[in-house]
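quick one, structure for this:
(2 chains)
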Amino acid sequence: MTIPPPTRSGPRERLRETARELVRFRGKTSRSTNLSLAILSFAILIALWTAISESGLVREIYMPSPLRVSVAMYTLFVDFNFLHDVSISIFRVMAAFALAAAMAIPLGIIMSSFRIFGAMQEPVIDLIRYLPVPALVPLTVIWLGIGETSKIALLWMGTFFQLILLIADGARRVPNEYVEICYTLGARSRQVLRWIILPAQLPTMVDNLRITLGWCWSYVIIAEIVAANEGIGHVIWISRRFGKTPEVLAGVLTIGIIGLASDQVIRYIHRRCFRYMS
Amino acid sequence: MAESTPFLEIDGVSKWFEDERGGPPTQVIDDISISIVKNDFVIFVGPSGCGKTTLMRICGGLESATLGEVRLDGEKVTGPDRKKGVVFQSYSSFPWLNVLKNVEFGLKFRTDVNKKQKREIARHYLDLVGLTDFENFYVSRISGGMRQRLAIARTLAADPDVLLMDEPFGALDAQNREFLQVQLLDIRHKEKKTIIFVTHDVEEAIFLGERIFVFSARPARILEEIVVADHLPKEHDLAVKETQDFFHLRNKLLAITRAEAQRTEEIFIEGATAES
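Predicted coordinates for the structure are as follows:
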């Protein structure tokens, strides 16, 4: 027979309990509390924003109200085929990111596994990694013009060199015990890579992919602002030229929303696939 | 095979570790020779950092000897393979696999059995270590003691010639440790295997082992070889720990290892002052 937990007092008592946990050092809160607080802080942000722009303290050209921005976003999508620009940007990010990941994952693992590659590549990649991406825009334009290739190349450069080091680091952190156990079960090096190094670092890898995908989004805007005829960055830049601040903000917010959504999707996948970690 | 034919021979093994910063190499093992017959249960006991684990690793092909060699069934050990199974103290099982898959992993690289047989063998060893009810659990959901039993099952499933255990119960609490010691004797009763078991726990050594090699402080030499059957009844259970004979043997070993642990401390202090 299972004994039910002692009945807690009414909702008021529970609310007080939650409040205590919220301010306690490293307190514990439920998921619904977290969600309501997240919604609350968005609401506060929007309310503040509305208050500032409606009060007339700031001129509309600098800070249009949320309502104006929403209207601008609506017209962008309905009258100016903004969806096309959004898709173009998403395509650029996805293409460059997929290319970078497809190359960085195997190369990073090899780099961490064999010193001949690690000792040669690491210093070079470390140098390239610190080259600021905006500074590379002129180079990609000189090399590849202003077409799709040049943009994807820029995004690729921004993510590949970061990602390969993160992957190599993740592979290096796989406990040596796992590797040795695998060898003593009769595996060869290639099998150790496939059955130990890859699955053991997979959760870290997915986390790193999520983080670098975020960076990829900032680079696409840089690429599109400098030289592009379409894409979210292009729309933002054109709107600025015509002094349409609501459209600029609408474009920026669109990126934020796409970023948040893709981040949440990967987090969800992470939670689903790596349940064994909790 | 006659009982006295050596199965695993450690022949004049010495080991120096290179200093990564270019200093002089440190000797960790000094000319050790041990000969182990089939189905022997051998214990390496000695102070922490003395080199007993390194010697075990050389036997497993996980490290190479600077001088001398190890032969398994007449063949020189050159690297790790399925003949030498290991059980480590931590990271002993794979968290991304469930319990059954962990044991099956021990059979993954075997070509002498088919898929159906692999599952049967895995189930057999799960049953042997008493984890059948947990076969669908992930490693994070089972206790530390169960994880070590799982590691033993996986290693046995690979059917190694020799089982190398590096302080496998070192991270467990006292009750769990005793429970696993009894289980290990029980498992060994059912599955005859040649075992090298490394520990710094003297009681564990006496309770489990058939032959105990007591190691000196670094560089490791053999100070004493004890045949446990000369002191205690061959078949014994936990009650043996309360007997006078056990007590005497324990005190004898403790006296040696304490002195050696003291020497180990002194070696470290010397090293520290020499560096500064």
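
hey, where'd the helices end up in chain B?
Under the criterion DSSP state H, chain B contains helices at B:52-59, B:99-105, B:115-128, B:144-157, B:174-190, B:202-208, B:244-275.

tell me which of those helices lies nearest to chain A.
Among those, helix B:99-105 comes nearest to chain A, with 6.9 Å by C-beta to the nearest C-beta. The way it works is simple: take the backbone N, C-alpha and C, and place the C-beta from them, glycine included.

show me what that closest one is packed against.
Applying 3 or more C-beta pairs under 8 Å, 6 or more residues apart in numbering or on different chains; DSSP states H and E, we find helix B:99-105 packed against helix B:115-128, helix B:144-157.

now the ones you listed in TSV, with mean neighbour count, mean pLDDT and distance to chain A?
As requested, those are exported to TSV (neighbours: other C-beta atoms under 10 Å in any protein chain shown; pLDDT from 0 to 100; distance: least, C-beta to the nearest C-beta, whole Å):
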stretch	mean neighbour count	mean pLDDT	distance to chain A
helix B:115-128	16	92	12
helix B:144-157	25	93	8
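
quick one: contacts for the closest residue to A:Arg210 other than its chain neighbours?
Leaving out its chain neighbours, the residue that sits closest to A:Arg210 by C-beta to C-beta, 6 or more residues apart in numbering or on different chains is A:Ile266, at 4.3 Å. Contacts of A:Ile266 were listed using C-beta atoms under 8 Å, 6 or more residues apart in numbering or on different chains, and they are A:Val206, A:Leu209, A:Arg210, A:Leu213.

among the residues you listed, name the buried ones.
The neighbour-count test (16 or more other C-beta atoms under 10 Å in any protein chain shown) marks A:Leu209, A:Arg210, A:Leu213 as buried among the contacts of A:Ile266.

the most centrally placed residue in chain A in helix, strand or coil?
Geometric centre of chain A, nearest residue: A:Gly214, 2.6 Å, by C-alpha atoms, centre = their mean. Under DSSP: H, G, I helix; E, B strand; the rest coil, A:Gly214 falls in the helix class.

isn't it right next to A:Ile258, touching?
No. A:Gly214 lies out of contact with A:Ile258 (C-beta atoms under 8 Å); the separation is 10.7 Å.

shared neighbours of those two, anything?
With C-beta under 8 Å, 6+ apart, A:Gly214 and A:Ile258 have no common neighbours.

and the residue nearest to the centre of chain A, what pLDDT?
pLDDT recorded at A:Gly214 is 90.

can you name the next helix or strand after the lengthiest helix in chain A?
Using DSSP H, we find that the single longest helix of chain A is helix A:82-113. The helix or strand immediately downstream of helix A:82-113 is helix A:115-129, counting by DSSP states H and E.

contacts for that next one?
A:Leu107, A:Ile110, A:Met111, A:Ser112, A:Met157, A:Phe161, A:Gln162, A:Ile164, A:Leu165, A:Ala168.

again, but for stretch A:43-51
A:Met63, A:Ser65, A:Pro66, A:Leu67.

check contacts around the third one.
Yep, that's A:Pro66 we're talking about. A:Pro66 makes contact with A:Ile46, A:Trp49, A:Thr50, A:Ser53 under the criterion C-beta under 8 Å, 6+ apart.

the last one too?
Residues in contact with A:Leu67, defined by C-beta under 8 Å, 6+ apart, are A:Thr50.

for the second one, same thing?
A:Ser65 is in contact with A:Trp49, A:Thr50, A:Ser53, A:Glu54, counting by C-beta under 8 Å, 6+ apart.

look up phi and psi at the second one.
The phi/psi pair for A:Thr50 (degrees, to the nearest 10) reads phi -60, psi -50.

neighbours of it, how many?
13 (other C-beta atoms under 10 Å in any protein chain shown).

how near is it to A:Glu247?
19 Å (C-beta to C-beta, to the nearest Å).

now A:Arg78, what's its secondary structure?
Careful, residue A:78 is Val; it's not Arg. Recorded secondary structure, A:Val78: helix (three-state DSSP).

of all the helices and strands packed on helix B:99-105, which one is nearest B:Lys190?
helix B:115-128 (6.5 Å; C-beta to C-beta).

before we move on, back to that, least confident of the contacts of stretch A:43-51?
Lowest in pLDDT among the contacts of stretch A:43-51 is A:Met63, which has 86.

enumerate the residues of the stretch 1-150 of chain A near chain B.
By C-beta under 8 Å from any C-beta of the partner chain, no part of the stretch 1-150 of chain A sits against chain B.

where does the stretch 1-150 of chain A get nearest to chain B, which residue?
Shortest the stretch 1-150 of chain A-to-chain B distance, computed as C-beta to the nearest C-beta: residue-wise this is A:Arg115, at 13.8 Å.

and that residue, how many residues sit next to it?
Close neighbours of A:Arg115, defined as other C-beta under 10 Å, add up to 9.

what does A:Gly259 give?
For A:Gly259, using other C-beta under 10 Å, the count is 16.

so how far is whichever strand or helix holds it from its chain's centroid?
Here A:Gly259, judged by DSSP H and E, is contained in helix A:245-273. Helix A:245-273 sits 8 Å away from the centroid of its parent chain (C-alpha atoms, centre = their mean, to the nearest Å).

quick check: angle from that helix to helix A:82-113?
Interaxial angle of helix A:245-273 relative to helix A:82-113 (axes from the mean of the first three to the mean of the last three C-alpha atoms, to 10 degrees): 40 degrees.

returning to what we had before: lowest mean pLDDT across the helices of chain B, which one is that?
If the helices of chain B are sorted by mean pLDDT, helix B:244-275 sits at the bottom with a mean of 81.

tell me the contacts of B:Ala220?
B:Val28, B:Ile29, B:Asp30, B:Ile32, B:Gly46, B:Cys50, B:Gly51, B:Lys52, B:Thr54, B:Leu55.

right, and A:Trp195 touches A:Leu185 too?
No. Counting by C-beta under 8 Å, A:Leu185 is not a contact partner of A:Trp195; they are 9.5 Å apart.

the more surrounded of these two?
Taking other C-beta under 10 Å, A:Trp195 and A:Leu185 do not tie; A:Leu185 has more neighbours (26 against 19).

isn't the more buried one up against B:Glu104?
No. Between A:Leu185 and B:Glu104 there is no contact under C-beta under 8 Å: 10.7 Å.

which bits of chain B sit near chain A?
Going by C-beta under 8 Å from any C-beta, the residues of chain B near chain A are B:60, B:62, B:79-82, B:84-86, B:88, B:90-92, B:94-96, B:98, B:105-106, B:108-110, B:138-140, B:154-155, B:158, B:160.

what's the ChimeraX line that selects buried ones from the residues you listed?
Buried subset of the residues of chain B next to chain A, written as a ChimeraX selection, criterion 16+ other C-beta under 10 Å:
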select /B:60,62,80,81,82,84,85,86,88,91,92,94,95,96,98,105,106,108,109,110,138,139,154,155,158,160
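
only alpha carbons, please: show stretch A:138-151 as CSV.
Provided in CSV are the C-alpha atoms of stretch A:138-151 (Å, rounded to 0.1, in the frame of the first residue of the first chain):
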residue,chain,number,x,y,z
PRO,A,138,35.6,42.2,-48.8
LEU,A,139,37.7,39.1,-49.4
THR,A,140,34.7,36.8,-50.1
VAL,A,141,33.4,39.5,-52.5
ILE,A,142,36.8,39.7,-54.3
TRP,A,143,37.0,36.0,-54.5
LEU,A,144,33.5,34.9,-55.2
GLY,A,145,31.6,38.1,-56.2
ILE,A,146,28.3,39.0,-54.6
GLY,A,147,26.3,35.9,-55.5
GLU,A,148,25.0,33.1,-53.2
THR,A,149,28.4,31.3,-53.1
SER,A,150,30.1,34.3,-51.5
LYS,A,151,27.5,34.6,-48.7
